[in-house]
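Enquirer: Show me the folded form of this:
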Amino acid sequence: MKKIAVVMALILAVTIGLSAKPAEARHHGNFWGGFAAGTATGLIVGTVAAPRYYAPAPVYVYPAPTYVYPAPVCRDIQTPGFWRQTPVMDAGGFTTYQSEWVPGSFQRVCQ
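Expert: Below you'll find the predicted structure:
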């Protein structure tokens, strides 16, 4: 579309240039008319032929994907004390069992 407008403006300028009669070399009021016509032609052709500037589209940069591990859940577990039987050898070589108390303890379990 832009090329068509430039070609049409060029054809129009050549046609007017060939059909116009040369003016006399005096400036009896011809200067301002020519100046106005040149300014108007320059504005029109310059507007049509000038390249358009488009601002770049805004760019949004996403952050890199990350994974955050959940915080560990810790619990304190109390094991109760209990009695157990421990083997005991006497002087004659006989094995007997004796009750022994094992105290309770605390243990921390984290998952």
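Enquirer: just checking, next helix/strand downstream of the helix ranked longest in the chain?
Expert: Longest helix of the chain, by residue count under DSSP state H: helix 30-49. Next along the chain after helix 30-49, taking DSSP states H and E as the criterion, comes strand 74-79.
Enquirer: pLDDT on the strand or helix carrying K3, on average?
Expert: Following DSSP H and E, one finds K3 within helix 2-19. Per-residue pLDDT over helix 2-19 has a mean of 76.
Enquirer: got a list of contacts for it?
Expert: Here helix 2-19 makes contact (Cβ atoms under 8 Å, 6 or more residues apart in numbering) with 41, 44-45, 48-49. Where you see a C-beta, it was placed from the backbone N, CA and C, and this is true even at glycine.
Enquirer: what does stretch 102-111 give?
Expert: Here stretch 102-111 makes contact (Cβ under 8 Å, 6+ apart) with 72-84.
Enquirer: can you check stretch 56-76 too?
Expert: By Cβ under 8 Å, 6+ apart, stretch 56-76 touches 106-111.
Enquirer: Then stretch 44-55?
Expert: Identification of contacts with stretch 44-55 by Cβ under 8 Å, 6+ apart yields 2, 5-6, 9, 13.
Enquirer: Would you format those residues as TSV with neighbour count included?
Expert: Listed next are these as TSV, based on neighbours: other Cβ atoms under 10 Å:
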residue	neighbour count
K2	11
A5	14
V6	12
A9	15
A13	12
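Enquirer: For F94, state which of these is nearest.
Expert: K2 (114.8 Å; Cβ to Cβ).
Enquirer: Using PDB, write down the CA coordinates of the helix-or-strand element of the chain with minimal mean pLDDT.
Expert: Across the helices and strands of the chain, mean pLDDT, DSSP states H and E gives its lowest value to helix 2-19, namely a mean of 76. What follows is helix 2-19, C-alpha atoms only, in PDB (Å, rounded to 0.1, in the frame of the first residue of the first chain):
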ATOM      1  CA  LYS A   2       2.800   2.300   0.900                       C
ATOM      2  CA  LYS A   3       4.600   1.600  -2.400                       C
ATOM      3  CA  ILE A   4       1.500   2.300  -4.400                       C
ATOM      4  CA  ALA A   5       1.200   5.700  -2.700                       C
ATOM      5  CA  VAL A   6       4.800   6.600  -3.400                       C
ATOM      6  CA  VAL A   7       4.500   5.600  -7.100                       C
ATOM      7  CA  MET A   8       1.300   7.600  -7.500                       C
ATOM      8  CA  ALA A   9       3.000  10.600  -5.900                       C
ATOM      9  CA  LEU A  10       6.000  10.300  -8.300                       C
ATOM     10  CA  ILE A  11       3.700  10.000 -11.300                       C
ATOM     11  CA  LEU A  12       1.800  13.000 -10.200                       C
ATOM     12  CA  ALA A  13       5.000  15.000  -9.700                       C
ATOM     13  CA  VAL A  14       6.300  14.100 -13.100                       C
ATOM     14  CA  THR A  15       3.000  14.900 -14.800                       C
ATOM     15  CA  ILE A  16       2.800  18.300 -13.200                       C
ATOM     16  CA  GLY A  17       6.400  19.000 -13.900                       C
ATOM     17  CA  LEU A  18       6.000  18.200 -17.600                       C
ATOM     18  CA  SER A  19       2.700  20.100 -18.000                       C
END
